[in-house]
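**Student:** One predicted model, sequence on top.
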Amino acid sequence: MNKKLTLNETLDKIRQISGIKNDFYSEISEIFKNTPFNKELNFLKESTDILLKNQKEDFLSHLFESAEMLDALLDICVLSFSVENTKLGNDVITFSLPAGWTCPWANTCLKKVERYRVVDPNKVNTSKVSKRTGLDVPYKGDVVVHKGKNSQFDCFAANQEMQYDTVRENRWHNFDLLLAAGTYMDQADLIMKSLTFFFDNEGFRTDVRIHESGDFYSGEYLKAWMEVAKKMPENKFYAYTKSLPLVQKYQNELKDIPNLSITLSEGGRKDSELGNIDIKQAKVFNTPEDLLAAGLILDLDDNLAKEKGGKDKNFGLLIHGTQEAGEKQQLKLRNETFMAYWKYRKYLNRQLGLPTETRMSTEQADAALAHIDDILTNQEKYMKAKGIKRIDKTHFEYIKKLLRYVKKYNVYDFDDNLINILQDKYK
Ligand code: SF4
């Protein structure tokens, strides 16, 4: 059987056969880097051979006749979306742009990560041991971050970009394509074609969250999404934004688009004008007690963000995600416990065969944890007793995580009154 060659091995082989200059191959290698082609070695070799014979027309037709090329071109030319899977159903498609760079009105949350790593010549050819995996990681440049001068909250989206190069690449790829697209109609066309491509490949989903990261950075861009919503009535689009001046400018048109819901979020440079516009707002609180005092409802599952409305639909959020060490970090842990407890309480009870309204005690949670540990250590016995062929370990681990939240919730001893900040379905 032929050994499958890596891209570099294949290019080396071609180089040996043809005796061609190194530059040419490094060019080819660079062009196809990060595309599905670095896996399509025969295709690369054939294309290179034709090109080396200087048969440009044959080369082009080979390129365009290739299904792989079409796939790759599509990948390069369409916007990228993600799916957010939720345990409680209702998967959401999310769209992202570079955090901070596309948020012209962000203020207390502002954080930007440089698109490319900055290489410190003194660190080249060094490596360091990863705290997480214990593996040696070669130095590939520093991730450079800029925080806004009024920053108070940590931008979760920027933190994702700090952690993963691919996340940054995808978001900049989206931004590049939109900037290159042209008018708002051209941008809308690009978004619609990209969404359709995504649905064809990943399956249709109704809900689309515009900007898990980023914001409406221009009027033309906001108009593009308005156009998309009008032309895709079977989808429900929703977005949080701090781009208040743009929303203000198009508020009448926005009100007439039933499947596009905008939520203004606090923390922007135009917060003082929030009172002048009848579009719903989300306010972030440090604690559930503060949220209760403000008389608002907590959005546990994005459903209040999806709902279209004016000020009468204002709602609250609790700080969570990554926060710097200190008081905010403590509050975040407390808030996350509160949110996880109430969001998954009924689901957890159903999984354990308890009445859905049960408020589990620490003893009950401990007993359930011990029972799951017993199943996981005696899997064969459990499978035989249940007549099943495999155990879904991930699911059991997830249930254990929820049970640990129950225990933490009981330690925090939250006031029963806080039930009043929940949406009815979670009470
Ligand atoms: S608006 Fe959102 S994405 Fe932009 S900096 Fe603020 S939190 Fe981050």
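**Tutor:** Nice, I can see it.
**Student:** and the stretch 101-250 of the chain, which residues reach the ligand?
**Tutor:** 103, 106, 109-111, 155, 157-158, 213-215, 242 (CB under 6 Å from any ligand atom). Every C-beta, even on glycine, is put in place using the N, C-alpha and C of the backbone.
**Student:** Secondary structure, neighbour count and distance to Met232 for these - can I get that in JSON lines?
**Tutor:** As requested, these are exported to JSON lines (DSSP: H, G, I helix; E, B strand; the rest coil; neighbours: other CB atoms under 10 Å; distance: CB to CB, whole Å):
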{"residue": "Cys103", "secondary structure": "coil", "neighbour count": "29", "distance to Met232": "25"}
{"residue": "Ala106", "secondary structure": "strand", "neighbour count": "26", "distance to Met232": "28"}
{"residue": "Cys109", "secondary structure": "coil", "neighbour count": "25", "distance to Met232": "29"}
{"residue": "Leu110", "secondary structure": "coil", "neighbour count": "25", "distance to Met232": "31"}
{"residue": "Lys111", "secondary structure": "strand", "neighbour count": "22", "distance to Met232": "32"}
{"residue": "Cys155", "secondary structure": "coil", "neighbour count": "27", "distance to Met232": "29"}
{"residue": "Ala157", "secondary structure": "helix", "neighbour count": "23", "distance to Met232": "24"}
{"residue": "Ala158", "secondary structure": "helix", "neighbour count": "25", "distance to Met232": "29"}
{"residue": "Ser213", "secondary structure": "strand", "neighbour count": "24", "distance to Met232": "22"}
{"residue": "Gly214", "secondary structure": "coil", "neighbour count": "24", "distance to Met232": "20"}
{"residue": "Asp215", "secondary structure": "coil", "neighbour count": "26", "distance to Met232": "21"}
{"residue": "Lys242", "secondary structure": "coil", "neighbour count": "26", "distance to Met232": "25"}
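**Student:** mind putting those residues in CSV, pLDDT included?
**Tutor:** Below are those laid out as CSV (pLDDT from 0 to 100):
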residue, pLDDT
Cys103, 97
Ala106, 96
Cys109, 91
Leu110, 95
Lys111, 96
Cys155, 90
Ala157, 94
Ala158, 95
Ser213, 96
Gly214, 98
Asp215, 98
Lys242, 97
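**Student:** farthest-separated two in those?
**Tutor:** Ala158 and Lys242 (14.1 Å; CB to CB).
**Student:** Would you state the strands of this structure in chain order?
**Tutor:** Per DSSP state E, the chain carries strands over the ranges 81-84, 92-96, 111-113, 127-129, 136-138, 145-147, 207-213, 236-241, 260-265, 281-285, 315-318.
**Student:** So which elements touch the last one?
**Tutor:** Pointing back at strand 315-318 there. The criterion is 3 or more CB pairs under 8 Å, 6 or more residues apart in numbering; DSSP states H and E, and the helices and strands that strand 315-318 contacts are strand 281-285, helix 288-293, helix 327-351.
**Student:** what pLDDT, on average, does the longest one get?
**Tutor:** Helix 327-351 comes out with an average pLDDT of 93.
**Student:** quick one: contacts of that helix?
**Tutor:** 87-88, 154, 286-288, 298, 300-301, 318-321, 323, 355-360, 399, 402-403, 405-406, 408-409, 412, 414, 418, 422, 426 (CB atoms under 8 Å, 6 or more residues apart in numbering).
**Student:** Quick check: buried residues in that helix?
**Tutor:** 328, 331-332, 334-346, 348-349, 351 (16 or more other CB atoms under 10 Å).
**Student:** roughly how far is that helix from the heart of the chain?
**Tutor:** How far helix 327-351 lies from its chain's middle: 20 Å, per CA atoms, centre = their mean, to the nearest Å.
**Student:** what do you get for stretch 402-420?
**Tutor:** Chain-centre distance of stretch 402-420: 28 Å, with CA atoms, centre = their mean.
**Student:** cool, stretch 117-124 as well?
**Tutor:** That offset, for stretch 117-124, works out to 29 Å (CA atoms, centre = their mean).
**Student:** Give me the distance between the two termini of that stretch.
**Tutor:** Taking CA to CA, to the nearest Å, the first and last residues of stretch 117-124 lie 13 Å apart.
**Student:** Next: stretch 386-394.
**Tutor:** Start-to-end span of stretch 386-394 (CA to CA) is 18 Å.
**Student:** Equivalent analysis for stretch 231-241, please.
**Tutor:** Stretch 231-241 stretches 22 Å from its first residue to its last (CA to CA).
**Student:** buried ones in it?
**Tutor:** For stretch 231-241, by 16+ other CB under 10 Å, it's 232, 235-241.
**Student:** With stretch 104-122 instead?
**Tutor:** Buried positions in stretch 104-122, judged by neighbour count with 16+ other CB under 10 Å: 104-114.
**Student:** and the protein, what are its domains?
**Tutor:** For the chain, automatic domain parsing gives the domain ranges 7-77, 81-279, 327-426.
**Student:** and those as a markdown table, adding distance to Gly309?
**Tutor:** As requested, the domains of the chain are exported to a markdown table (distance: least, CB to CB, whole Å):
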| stretch | distance to Gly309 |
| --- | --- |
| domain 7-77 | 37 |
| domain 81-279 | 8 |
| domain 327-426 | 14 |
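**Student:** so which of these comes closest to Leu292?
**Tutor:** domain 327-426 (5.1 Å).
**Student:** coming back round to it: quickly compare the domains of the chain and say which is most buried.
**Tutor:** The highest mean neighbour count among those, using mean count of other CB atoms under 10 Å, belongs to domain 81-279: a mean of 17.
**Student:** What's the nearest residue in the stretch 151-300 of the chain when you look at the ligand?
**Tutor:** Ranked by CB to the nearest ligand atom, the top residue of the stretch 151-300 of the chain for proximity to the ligand is Cys155, at 3.3 Å.
**Student:** what bits of this structure have low per-residue confidence?
**Tutor:** Within the chain, the segments meeting pLDDT under 70 span 1-45, 54-56, 60, 63-75, 87-89, 322-325.
**Student:** what residues are up against the residue in the stretch 301-427 of the chain that the ligand sits nearest to?
**Tutor:** Closest contact between the stretch 301-427 of the chain and the ligand, by CB to the nearest ligand atom, is at Gly321 (9.5 Å). Residues near Gly321 by CB under 8 Å, 6+ apart: 154, 156, 159, 332.
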